[in-house]
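Asker: Predicted model and sequence follow; I will ask about them next.
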Amino acid sequence: KKPAHLLEPSATLCGEVRVAPIGIPEEASGAVGARIWENHPSNWIKAFPAPGKATHKHRRGKLLVWCPGPEGSASATLGAARLAARAGARIGAGWTTIACDPSALAVLALEPLAAIVRPTDLDGFTGLTIEHDALVIGPGMSKGPPAEAVLAAGLAAARTVVLDAGALVLLAAEPDAAWRAPTGLSAVLTPHEGEFARLWPDIAAEAWSRLDKARAAAERCRAVVVLKGADTIVAAPDGRAAINVHASPWLATAGSGDVLAGLIGGLLAQRMAPFEAACAGVWLHGDAGLRQGPGQIADDLPPMIPLTLRALLGGHRLLVGLGVGGVGPQPQRVGDDLLQRFIFAGVQRLLHEVLQILRDRDGRFHGSALPSVQISIDLGDRHHVSVFQLQVRQVREVIALMLVGHALDRNDGAIAARQAVDGA
């Protein structure tokens, strides 16, 4: 693919894009030394941190998230740090801490957290930053001397940092508006279009593509830049870049960016390199949004991460959760009519996802793969039943959709399923 196939608005205008081989051998394309990719797990999966049998929580990395007090944040945004911390824990950080202004403790204590909450002053925050492997700072922050002091302390003490939201606003307020990552600091900046324009107004004013703007900004600030949008760009200071289109428009909701910051921070805490961590975080964030679907809010995203990780790390296994309404107040069994409605409504999307995970980065299929794909169907509060198994015996064909669960007494559903597959 070319960048225009992935960048908006040309991507939408292109319609469906199919990549077809034209005889160029794979070794030749690898010799070109491409610096721009479509964001895909094949580009970073080898670097993705997965715990081994001997791994314990301290080896999985420590993540620190700063939560400002009411004087450094609108009280309604104190949940931003909580979202980031929850995402960091879900993505695998073994130890997640929320360092907070003492005045924020009462709000953070309103609901259970997987993170440890540490009320602290500025000196204590500096000490905590040194003790942790990565820092997320910015969610929920606003302007003011307290926030400025915390940001300065964090940048001075941290080894690896994600700068988001309010931290970016503070950096943009510097007189020369030309912040650069200090030597020895690995930083990932996650601006949306507005924050990007405030940070780098001269670059934003250029008649360049979003890709070129993000790469120029990354080179200038000596940090990884994640320019968020429908075609999120991840750019490294050395010129590498990835374009992400694996996402849902329903991610455009308050707090979604805080979850992304936490995902990237959690991967950095596990010592994943900044560019790869940013690419992985963006893809996983988009995948969680796709799985959750319409009506999602930011709080829905962290619980989707285990499903995404299971699909990513479990070989060719894919869990898909689909809610089916209209079951009734006290459902006892899945009716054949309901099952058929589910199959015909969802099978096309399911098959598309199955084939997507079989494609490699160049759009070709793995001919030797024989995956088994479990589909988890949520049928209301009283039922959570795994009833389907897809077997893919030839790369481009789904041979059978077989019912293997315990929720059905007859084989009528299997016939309907097979008909649905043939029709799709």
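Answerer: Received it, and whenever you're ready, just let me know what you need.
Asker: where in the stretch 251-400 of the chain is pLDDT low?
Answerer: Applying pLDDT under 70 to the stretch 251-400 of the chain picks out residues 314-400.
Asker: Go through stretch 48-65 and flag the buried ones.
Answerer: Neighbour-count burial for stretch 48-65, counted by 16 or more other CB atoms under 10 Å, picks out 48-49, 60-65. To be clear about C-beta, it is placed using only N, CA and C from the backbone, and glycine gets the same treatment.
Asker: since we're on residue 42, how many residues are nearby?
Answerer: Other residues within reach of residue 42, judged by other CB atoms under 10 Å, total 12.
Asker: Can you tell me the SS state at it?
Answerer: Secondary structure state of residue 42, per DSSP: H, G, I helix; E, B strand; the rest coil, is helix.
Asker: where's it relative to residue 7, distance?
Answerer: The span separating residue 42 from residue 7 equals 20 Å under the rule CB to CB, to the nearest Å.
Asker: same question, residue 97
Answerer: Taking CB to CB, one finds residue 97 at 38 Å from residue 7.
Asker: separation between the closest residue to residue 87 other than its chain neighbours and residue 193?
Answerer: Nearest residue to residue 87, sequence neighbours excluded (CB to CB, 6 or more residues apart in numbering): residue 262, at 3.1 Å. To residue 193, residue 262 is 21 Å away according to CB to CB.
Asker: surely residue 104 meets residue 79?
Answerer: No. Contact criterion CB atoms under 8 Å: residue 104 and residue 79 do not qualify, at 10.5 Å.
Asker: These two - which one has more neighbours?
Answerer: Legend: neighbour count by other CB under 10 Å for residue 104 and residue 79, higher for residue 104 (25 against 22).
Asker: three-state assignment of the more buried one?
Answerer: Look at residue 104: counting by three-state DSSP, its state is helix.
Asker: Which pLDDT value goes with it?
Answerer: For residue 104, the pLDDT comes out at 79.
Asker: Quick one: neighbours of the closest residue to it other than its chain neighbours, just the number.
Answerer: Spatial nearest neighbour of residue 104, excluding adjacent residues (CB to CB, 6+ apart): residue 69 at 4.6 Å. Counted with other CB under 10 Å, the neighbours of residue 69 add up to 19.
Asker: Could you tell me which residues make contact with residue 69?
Answerer: Contact analysis of residue 69 by CB atoms under 8 Å, 6 or more residues apart in numbering lists 100-104, 146.
Asker: what's the residue nearest to residue 193 when sequence neighbours are not counted sitting at in phi/psi?
Answerer: Of all residues not flanking residue 193 in the chain, residue 229 sits nearest, at 6.5 Å (CB to CB, 6+ apart). Torsion angles at residue 229 (phi, psi; degrees, to the nearest 10) stand at phi 160, psi -170.
Asker: What of residue 137?
Answerer: The phi and psi values for residue 137, taken as degrees, to the nearest 10, are phi -140, psi 140.
Asker: ok, it to residue 275 distance?
Answerer: For residue 137 relative to residue 275 (CB to CB), the value is 20 Å.
Asker: what's the answer for residue 117, then?
Answerer: In terms of CB to CB, residue 117 sits 31 Å off from residue 275.
Asker: next one: residue 213
Answerer: Distance from residue 213 to residue 275, by CB to CB: 17 Å.
Asker: Residue 49 too?
Answerer: As judged by CB to CB, residue 49 and residue 275 stand 15 Å apart.
Asker: next one: residue 149
Answerer: 30 Å.
Asker: Quick check on these two: which one has the bigger neighbour count.
Answerer: With neighbours defined as other CB under 10 Å, residue 149 and residue 275 compare such that residue 275 has more, 23 against 13.
Asker: Now the element after the helix or strand harbouring that one, going C-ward?
Answerer: Using DSSP states H and E, residue 275 sits in helix 274-292. Note on helix 274-292: by DSSP H and E, the next helix or strand toward the C-terminus is helix 301-313.
Asker: Let me know the angle separating that next one from helix 274-292.
Answerer: Between the axes of helix 301-313 and helix 274-292, defined by axes from the mean of the first three to the mean of the last three CA atoms, to 10 degrees, the angle is 110 degrees.
Asker: Could you list the buried residues of helix 301-313?
Answerer: 301-302, 304-305, 307-309, 311-312.
Asker: In CSV, list those along with distance to residue 1.
Answerer: Shown next, in CSV, are those (distance: CB to CB, whole Å):
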residue, distance to residue 1
301, 27
302, 31
304, 27
305, 27
307, 27
308, 23
309, 26
311, 23
312, 22
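Asker: Pick the one among those closest to residue 111.
Answerer: Ranked by distance to residue 111 (CB to CB), the buried residues of helix 301-313 are led by residue 302 at 12.8 Å.
Asker: residue contacts, that closest one?
Answerer: 83, 86-87, 90, 259, 262, 288.
Asker: Packing partners of the helix or strand encompassing residue 266?
Answerer: According to DSSP H and E, residue 266 maps onto helix 256-269. The helices and strands touching helix 256-269, judged by 3 or more CB pairs under 8 Å, 6 or more residues apart in numbering; DSSP states H and E, are strand 62-67, helix 79-90, strand 134-137, strand 160-163, strand 186-189, helix 274-292, helix 301-313.
Asker: JSON lines for the ones you listed, including distance to residue 21?
Answerer: What follows is the helices and strands packed on helix 256-269, written out as JSON lines (distance: least, CB to CB, whole Å):
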{"stretch": "strand 62-67", "distance to residue 21": "43"}
{"stretch": "helix 79-90", "distance to residue 21": "38"}
{"stretch": "strand 134-137", "distance to residue 21": "41"}
{"stretch": "strand 160-163", "distance to residue 21": "39"}
{"stretch": "strand 186-189", "distance to residue 21": "35"}
{"stretch": "helix 274-292", "distance to residue 21": "25"}
{"stretch": "helix 301-313", "distance to residue 21": "26"}
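Asker: How many residues are close by the residue nearest to residue 296 when sequence neighbours are not counted?
Answerer: Among residues not flanking residue 296 along the chain, residue 250 sits closest, at 5.1 Å (CB to CB, 6+ apart). For residue 250, the tally of surrounding residues (other CB under 10 Å) stands at 16.
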